[in-house]
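Chemist: Have a look at this prediction, sequence included:
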Amino acid sequence: MSHLALSSNKEFWNKSCKNIYLGPWMMRDILKDNFSEYDLIIPDWHWDNLDKFYKDSLNVWKSYEKFIIKLAEVLNELHDVNWNLKAWKILVGPWFRRYLSILYERNETINNLYKSYDLRSCTIKNFSITDLQFKDFDEFSAKYHEEDFNNIIYSFILKKVDKEKKISFKEFNYETQKNINKYKKNKDFVLKKIFKNFFLSKNLNFLTSFFLKKNDYYFQKIYLKNRFELIKLNLKLKNFPYHRLINSKSEDEKKFDEILRSKFYEKVKKNFGIEKGNLYEELIVNLIYHMFPRCYLENFKINNKKAQNIFKHFNPKIIIDSASYHKDELFKFWVAEKIQKGTKLVLLQHGGYYENFKFKDDFLGHELDIADKYLSWGWHKKSFNISSVGIPINFKKKFFRKENNIVNIILRTSGDYFVNFSTQGNPSKNSETYINNVINIANNINKDKELRIFLHPSSNQNEERGYPLRPYLKKKIINKNTEFLQGKISEHVNYTDMNIFTYLGTPYNQTISSDIPCLIYHDETYEPLNEDYRQVYNSMIDSKLMYNNVISLTNKINNDNESIYNWWNQKDTVISKNLFCKNFASKEKNKDKLSEIIANMT
């Protein structure tokens, strides 16, 4: 007999039987120490099996393609509009992809545990599924990382799976007011900033509206070195400069409308044609009643009208974006309307990990799906209209005396709840392997070196994203001359030639494309690389740019007889660097290449 513990709070545990842990992820040794008084079982994660992970990812994307068509039909009928499928994908696609991914994983987790253990009890919080109501995708994204959200989802699915009523559920009265107030305080600060930006942009764009309506191009959130670069880009394209309308506040005038939601649910249930006995598909239909964001349902017409109004001074032939397509709801409303009138959508690559790995997350799949043209940092894919541009923001290479006793180690996130099909940051063995590799790297570097560990910041620069690594690494890293820093990598990579990146991502791309000496460590055990670019990775391993062995990497750092800078400029190293940059971190002048590509589209 076993108890399912959905929280790291001990009040959700049971001392009288075995406890199966399904709370927020943490390292096994910490978990065992923190709950040493309990009979604890740490279950394997079903997606530690990467063959299953890959197969299931394909199943989720198939379900997206199947159900987004049906969802678009329902929304057209409900809102009395005739939007095409691409418009609906632009508006609700990012949320729907993430929604399906999360439900699939939570369902697989609960089903595997139910089949593997004799579950007889579970303590749950005094929430109900009705608490899973969201204004928009941004609010949904803020919540699905939290324990409360996952507690509700897990317990809902567990009750569905437990058809024989074997499990005794105990409800724990849990107070969350402090968390709610904290969230509201942060949101109020953001809203003031949004209001200020909106007021400024509204007046400025109104005064210049005569010129703006003649613009052929509209640039939303694209990454350039500074605003002056964007002004120069506009002028080069004979575009009148303007104030961009980024993250304007969407309206939430109408709250949860049970009558409207019931109509929505009945249409979804009828149109989706779910497979009988398929719990995953049943969950999609049952939970969408509660979780479908209000901005797409109750407040659809209000926000669509507002979006068209605030962007009314723009009538471009081409819209160019790199980040707002995901969560900027009013921008998405506007784009959805414009593309149905012939406007083209151009998207620029958003992050440095794109196409490096075997498994694809929902970002790239969605971007390629909705873009008329896609601009990568070097790579190409068959059957897609892709051109390459330079990496948008490089680090500035500085020439001064290096501190050769300093070693920078740059980390990614680890151990969050699963939210998408990227292998970076997944819980269980993926994160365990990654964190242990980081510790081994740090502990195999000579103790006379000063270590700077760069943690991955969250939206709050003082907090980490995912599992908090700082306290754990402080206990495990032997070298006491270690400093922990939050982000701001660009300020420090020039102070030493010994920069170790422990993941393939934007900071590494920025560093290598800026010709700043750096090494990359990558363990393929739980993060297999993209076989299409195996030649690139083999070249990097041969030239000692990339390592999959901790000792080989640290020997490179510890070898005082070899100058890192001399090696960095050797012929073989340069060829390998250029090969990587050609495919993943193009050195082309971003602004010039971008203007050339955009101009050729009109």
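Modeler: Yep, it's here.
Chemist: Can you show me the CA trace of the helix or strand containing H290 as PDB?
Modeler: Per DSSP states H and E, H290 falls inside helix 279-291. C-alpha atoms of helix 279-291 as PDB (Å, rounded to 0.1, in the frame of the first residue of the first chain):
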ATOM      1  CA  LEU A 279      -8.200   9.500 -21.300                       C
ATOM      2  CA  TYR A 280      -5.800  12.100 -22.800                       C
ATOM      3  CA  GLU A 281      -8.300  13.200 -25.400                       C
ATOM      4  CA  GLU A 282     -11.100  13.200 -22.700                       C
ATOM      5  CA  LEU A 283      -9.000  15.500 -20.600                       C
ATOM      6  CA  ILE A 284      -8.400  17.900 -23.500                       C
ATOM      7  CA  VAL A 285     -12.200  18.300 -23.800                       C
ATOM      8  CA  ASN A 286     -13.100  18.300 -20.200                       C
ATOM      9  CA  LEU A 287     -10.500  20.700 -19.000                       C
ATOM     10  CA  ILE A 288     -10.700  23.200 -21.800                       C
ATOM     11  CA  TYR A 289     -14.100  24.200 -20.300                       C
ATOM     12  CA  HIS A 290     -12.200  25.700 -17.400                       C
ATOM     13  CA  MET A 291      -8.700  26.400 -18.800                       C
END
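Chemist: helices or strands up against that helix?
Modeler: Contacts defined by 3 or more CB pairs under 8 Å, 6 or more residues apart in numbering; DSSP states H and E place helix 279-291 against helix 50-79, helix 85-116, helix 147-161, helix 258-272. For glycine as for every other residue, the C-beta is placed from the backbone atoms N, C-alpha and C.
Chemist: Can I get those in CSV including mean neighbour count?
Modeler: Output for those, formatted as CSV (neighbours: other CB atoms under 10 Å):
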stretch, mean neighbour count
helix 50-79, 17
helix 85-116, 21
helix 147-161, 20
helix 258-272, 15
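Chemist: closest one to I246 among these?
Modeler: helix 85-116 (16.2 Å; CB to CB).
Chemist: how far out from the middle of the chain is that closest one?
Modeler: Its chain's C-alpha centre and that of helix 85-116 lie 15 Å apart, by CA atoms, centre = their mean, to the nearest Å.
Chemist: what about the residue nearest to D328 when sequence neighbours are not counted, which SS state?
Modeler: Nearest residue to D328, sequence neighbours excluded (CB to CB, 6 or more residues apart in numbering): N247, at 5.4 Å. Look at N247: counting by DSSP: H, G, I helix; E, B strand; the rest coil, its state is coil.
Chemist: What score does N247 have for pLDDT?
Modeler: pLDDT, N247: 86.
Chemist: ok, now S16?
Modeler: Looking at S16, its pLDDT stands at 95.
Chemist: Tell me who's in contact with it.
Modeler: By CB atoms under 8 Å, 6 or more residues apart in numbering, the contact list for S16 is empty.
Chemist: what about it, which SS state?
Modeler: Assignment for S16 (three-state DSSP): coil.
Chemist: can you tell me how far it sits from E229?
Modeler: Distance check for S16 against E229: by CB to CB, to the nearest Å, it reads 65 Å.
Chemist: Please apply the same query to F421.
Modeler: 34 Å.
Chemist: Of these two, which one has the most company?
Modeler: F421 (25 against 16; other CB atoms under 10 Å).
Chemist: what's the more buried one sitting at in phi/psi?
Modeler: Dihedral pair for F421: phi -90, psi 20, per degrees, to the nearest 10.
Chemist: give me every residue that touches it.
Modeler: Here F421 is in contact with 53, 57, 60, 101, 359-362 (CB under 8 Å, 6+ apart).
Chemist: can you do 7 Å?
Modeler: Residues in contact with F421 (CB atoms under 7 Å, 6 or more residues apart in numbering) are 57, 101, 359-362.
Chemist: how much space between the closest residue to D136 other than its chain neighbours and V92?
Modeler: Spatial nearest neighbour of D136, chain neighbours left out: C295 (4.5 Å); criterion: CB to CB, 6+ apart. In this view, C295 and V92 are 10 Å apart by CB to CB.
Chemist: L85 now?
Modeler: Distance, L85 to V92, by CB to CB: 11 Å.
Chemist: Excluding residues flanking it in the chain, which one is nearest K267?
Modeler: Using CB to CB, 6+ apart, the nearest residue to K267 is V74, at 4.5 Å.
Chemist: May I have the residues that are in contact with the one you found?
Modeler: 264, 267-268, 271.
Chemist: Apply 6 Å and report the result again.
Modeler: 267-268, 271 (CB atoms under 6 Å, 6 or more residues apart in numbering).
Chemist: can you check W95 too?
Modeler: F137.
Chemist: so what's it scoring on pLDDT?
Modeler: So, for W95, pLDDT stands at 97.
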